[in-house]
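Trainee: structure for the following, please:
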Amino acid sequence: MHFTRWGFVMVALAGCSSSATSAMPDAAPSPPDARPGVFPAGFLWGGATAAYQAESAASPASDWSVWETLPGKIKNGDRSADGPDQWDHYEADFALAQSMGHNAYRFSIEWARIEPTPGTFDEAAITHYRTMIASMKAHGLRPIVTLWHFTNPTWVQDPSGGRSLGGWETQATVDAYVSYVTRVVPRFADVVDFWITLNEPMVYIIQGYFFGMWPPGHGIDLDNAVKVHNHLIDAHVRGFDAIHAHYATLEQPVAVTIASNWVAFDPASASSADVDATRGLERLVDYAFLDAIVKGDVDTALDGAAVVHRDAYANHVDVIGVNFYQRELVTAGAIGIVPGVPSIDPSAPLKNDLGWELYPAGMGRALDGLWARYHVPIVITENGIADAADRYRSWYIVTNLDEVQKAVTRGVDVRGYLHWALVDNFEWAEGLAPRFGLVAVDYGAPEKTRTIRASAGAMIEIIKVNEVTSEIKSRWGAAP
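Mentor: Below is the predicted model:
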């Protein structure tokens, strides 16, 4: 989903030696199209999840299902199988989303479920996902489908050392992913018009190839990190082209993007070294991947010094998906391609249950920065807070959406806001303890009982009036 304790990742490292324009399809649900308010007509309001994090006991064999069994990889020894089980409880989730006024839902299709062995596609799995999508639509939710949300079939990557393609370090995996896309997308093209090819490529690289907290579990592996980065760019570009080619034959509109994590980096001091390191880390984390697929400027070595322009890569998003969660302070200390060491501000007054600084102003910075650099419409594909006690969530929702509203009034073309998460779910190496859901899930109950959290009322009221009003800010947005 997002960074897990960025600061710890980079402290560990320190100890080791042209604008594009495009349009998103305007096919949007009817409400809140006709409503007055600041947010534009057809604005997408909803929640988000990922297959492996939410489907639980039904999850198939993947690199993460193997990773969970390795000692010490998941906090408290938690297992995704004990999560919310959306595979069997999707109807309840979509009904709750509808009751909260949502008109969109972001979820992912699990590659390992769809293609359990190379070239073999599971018709029962495809049928189940189509049934889920039919339920979404029946509940007034526009499906926004992610094709790859961190997990890989074990035949693509096996962290236990079993035979595989070698993961994203190899061109064979790029080819396998494109084959998966070209086989799967046509099966859903009649019911889906918004695809996300990849979720947070840079987070995947950092967690898997810098700190080793996620599969494949490499420590400081700069060479393979660069390979994976370039292969993921190629996978997105080829996937984007394949999706558009298919929809062109149908004469149907489609939106295709990635979901890119954006971190608000600030220098830890006013020194020129810290300022330069901050700009370098911002370039690497927030913009390098998007520069490649929007502008065609590929940072082939991820060092800022080997940028190659490729016309064939430019203009490969219809809308920019952005995930925003936190701020980091940066101290100079270059290690290879990493130009600085970020960490949590120890004086930050508000932090979530994972220790991340709560910094809603970063939302406005992200939207302004992305709009100025690319001038492409934006959808916020993730934004949320780990807050089991539900102390800060209403304030967080209101203050972040107030930043979105201000950006809209400044002229930034924002098309939607998808809260992470719709329901509590398995948070990768952090296990089941972090609670990001608008909807609380009782993992211990046989039916995985769902309850809308009180804080969700803030988003419900904003959706209802299509605006963050002064009354809503007064009622829900007071500083904790």
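
Trainee: alpha carbons only for contacts and neighbour counts from here, please
Mentor: OK.

Trainee: report the secondary structure state of the residue nearest to Leu165 when sequence neighbours are not counted.
Mentor: For Leu165, ignoring the flanking residues on the chain, the nearest one in space by CA to CA, 6 or more residues apart in numbering is Val156 at 4.8 Å. Taking DSSP: H, G, I helix; E, B strand; the rest coil as the rule, one finds Val156 in the coil state.

Trainee: ranges for the strands of the stretch 151-300 of the chain?
Mentor: Counting by DSSP state E, counting those that start in this stretch, the stretch 151-300 of the chain has strands at residues 194-199, 255-267, 297-299.

Trainee: present the ones you listed as CSV; the columns should include distance to Gly444 and mean neighbour count.
Mentor: Formatted as CSV, the strands of the stretch 151-300 of the chain follow (distance: least, CA to CA, whole Å; neighbours: other CA atoms under 10 Å):
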stretch, distance to Gly444, mean neighbour count
strand 194-199, 29, 24
strand 255-267, 32, 25
strand 297-299, 47, 23
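
Trainee: can I get the ones you listed in JSON lines including distance to Gly217 and mean pLDDT?
Mentor: Below are these laid out as JSON lines (distance: least, CA to CA, whole Å; pLDDT from 0 to 100):
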{"stretch": "strand 194-199", "distance to Gly217": "18", "mean pLDDT": "99"}
{"stretch": "strand 255-267", "distance to Gly217": "20", "mean pLDDT": "98"}
{"stretch": "strand 297-299", "distance to Gly217": "24", "mean pLDDT": "98"}
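
Trainee: how about those in JSON lines, adding distance to Lys227?
Mentor: Shown next, in JSON lines, are the strands of the stretch 151-300 of the chain (distance: least, CA to CA, whole Å):
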{"stretch": "strand 194-199", "distance to Lys227": "16"}
{"stretch": "strand 255-267", "distance to Lys227": "18"}
{"stretch": "strand 297-299", "distance to Lys227": "11"}
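
Trainee: and those: which comes nearest Arg279?
Mentor: strand 255-267 (8.0 Å; CA to CA).

Trainee: give me the angle between the top strand by length along the chain and strand 255-267.
Mentor: Using DSSP state E to define each element, the chain has its longest strand at strand 320-335. Interaxial angle of strand 320-335 relative to strand 255-267 (axes from the mean of the first three to the mean of the last three CA atoms, to 10 degrees): 40 degrees.

Trainee: next, the angle strand 255-267 makes with the helix or strand just after strand 320-335.
Mentor: Moving toward the C-terminus from strand 320-335, the first helix or strand encountered (DSSP states H and E) is strand 338-343. Angle, strand 338-343 to strand 255-267, by the same axes, to 10 degrees: 70 degrees.

Trainee: and strand 338-343, what does it pack against?
Mentor: Here strand 338-343 touches helix 6-14, helix 272-282, strand 320-335, going by 3 or more CA pairs under 8 Å, 6 or more residues apart in numbering; DSSP states H and E.

Trainee: now do the last one: which elements does it pack against?
Mentor: Helices and strands in packing contact with strand 320-335 are listed as helix 6-14, strand 255-267, helix 272-282, strand 338-343, helix 361-374, strand 378-382; criterion 3+ CA pairs under 8 Å, 6+ apart.

Trainee: what comes up buried for it?
Mentor: 320-333, 335 (16 or more other CA atoms under 10 Å).

Trainee: mind checking which helix or strand the closest residue to Ala361 other than its chain neighbours is in?
Mentor: Computed as CA to CA, 6+ apart, the closest residue to Ala361 that is not its neighbour in sequence is Glu403, at 6.6 Å. Using DSSP H and E, Glu403 sits in helix 393-409.

Trainee: how far away from the center of its chain is the helix or strand following that helix?
Mentor: Where DSSP H and E defines the elements, the next helix or strand beyond helix 393-409 is strand 414-420. For strand 414-420, the separation from the chain centroid amounts to 11 Å (computed by CA atoms, centre = their mean, to the nearest Å).

Trainee: between strand 414-420 and strand 320-335, how big is the angle?
Mentor: Using the same axes, to 10 degrees: strand 414-420 against strand 320-335 is 70 degrees.

Trainee: list the helices and strands the very next helix or strand once past strand 414-420 packs on?
Mentor: Counting by DSSP H and E, the next helix or strand C-terminal to strand 414-420 is strand 439-441. Contact here means 3+ CA pairs under 8 Å, 6+ apart; on that basis strand 439-441 packs against strand 450-452.
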